[in-house]
Structures are given as C-alpha cells and as structure tokens.
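What follows is a predicted protein model with its sequence.
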Amino acid sequence: MIVYHASDRAIPAPDLLHSRKNVDFGPGFYTTPLYAQAAKWSERFKRRGGRAAISVYRFEEEAADRLRTLSFPSYSEEWLDFIITCRSGRDETDYDLVSGGIANDKVFNTVELYLDGLIGKDEAIGRLRFEQPNMQLCFRSEAALRLLRFERSEEL
C-alpha cells in the first residue's frame, strides 16, 4: 500500500522523536493512503508561510500481522472513546499501528459537543455515522516504522 505524509520537508527516515502528544491516535508518525488528504494537511504549512512537501512510502502491509494493531473501519463508540483517551493524554495502550478515521474540524466539533456534555454519546455516534472517514495510519513503534519504505518526496 502507498501512504503519504505531509510536512514542511521531505522525511526520508521517519522517527518517533518528533511526535506530538495528545493527538487522535497518540504519539506516532501519521500517514494516509489518500493523496488528497495529505495535500490538504500540507496546506497548514503553506498558511504559516512555509514550504510544504509530501513524502511517499510503500507500507509493507502484509508484514503488519506481526504488529499489535488497532483498526477502526468506521466512526464508532470505540473510535470515539479511543480518540478522547489519546487526546487527553491518558492512552496507555501499546499498539504498534492504529488506523481509522481522522477527527477533522467537522468531526471534532461533534466530539467537543460530547465532551462538553451538550450531547450524549449516542447522539455523537449518530452524527459521526453520517461522516465519511478520511483514513489515517499512525505508526506508534519502531517495529511499525520498519515497515515503511521511503519512495520519494514532492514539494507543493
């Protein structure tokens, strides 16, 4: 599978040192199999007046069965609970790889309404079911990163 990573520069050797905390699936190296999604992510670097690049990797997906993985094929109660746990910094799981939908602005508005107690969990899940997930893969361990092969990078 080909996956993409947006940044302000090419990333030929991904690492976990530059991970941010309190994001969707916790600290890790985030990619997407959707080029359009990576291009959208790259816009934030341009808005800040910087450069933007998309690094392209081949993910050895067939070898991922050796990893501890968690996958969310759609927005669900389990996805919502995991996102909230990770974004609050309370995730203590040891998954190597997590895949699932992105908590983009529109989706996270629903999550915030739930967190603020303005809507219940059932209503939040009901709203999220109408959203088409944009897929992301979070490589959370060195073992997972070893399954990525840098192919090229392009400046936008």
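Structure received. Residues are numbered from 1 along each chain as shown.

Report the contact partners of residue 1.
33, 58-59, 61 (CB atoms under 8 Å, 6 or more residues apart in numbering). All C-beta atoms are positioned from the backbone trio N, CA, C, and that covers glycine.

Residue 71 and residue 148: what is the separation?
According to CB to CB, to the nearest Å, residue 71 stands 17 Å off from residue 148.

how far does the helix or strand of the chain with the lowest mean pLDDT sit from the chain's center?
Using mean pLDDT, DSSP states H and E, helix 105-115 stands out as the lowest-scoring helix or strand of the chain, at a mean of 81. Helix 105-115 has its C-alpha centroid displaced from the chain centroid by 16 Å (CA atoms, centre = their mean, to the nearest Å).

Now do the next helix or strand after that helix: which elements does it pack against?
For helix 105-115, the following helix or strand on the C-terminal side (DSSP states H and E) is helix 121-128. Applying 3 or more CB pairs under 8 Å, 6 or more residues apart in numbering; DSSP states H and E, we find helix 121-128 packed against helix 77-87, helix 105-115.

ranking the ones you listed by burial, who's on top?
Most buried of those, by mean neighbour count (mean count of other CB atoms under 10 Å): helix 77-87, with a mean of 18.

Which elements pack onto that helix?
strand 97-101, helix 105-115, helix 121-128.

Quick one: closest of the ones you listed to residue 154.
Between residue 154 and the helices and strands packed on helix 77-87, the shortest separation by CB to CB is 23.6 Å, and it involves strand 97-101.

Direction included, what does the closest one pair against?
strand 69-71 (parallel), strand 135-139 (antiparallel) (DSSP bridges).

Could you pull up the residues touching the spatially most central residue of the chain?
Geometric centre of the chain, nearest residue: residue 136, 3.9 Å, by CA atoms, centre = their mean. By CB under 8 Å, 6+ apart, the contact set of residue 136 is 24-25, 30-32, 37, 99-102.

repeat for residue 45
Listed by CB under 8 Å, 6+ apart, the contact set of residue 45 reads 6-8, 51-52.

what's the distance between the residue in the chain sticking out farthest from the centre and residue 146?
The C-alpha centroid of the chain is most remote from residue 118, which lies 26.1 Å away (CA atoms, centre = their mean). Plainly put, residue 118 is 43 Å away from residue 146 if you go by CB to CB.

go on, residue 55?
16 Å.

just residue 52 next, same as before
Plainly put, residue 52 is 27 Å away from residue 146 if you go by CB to CB.
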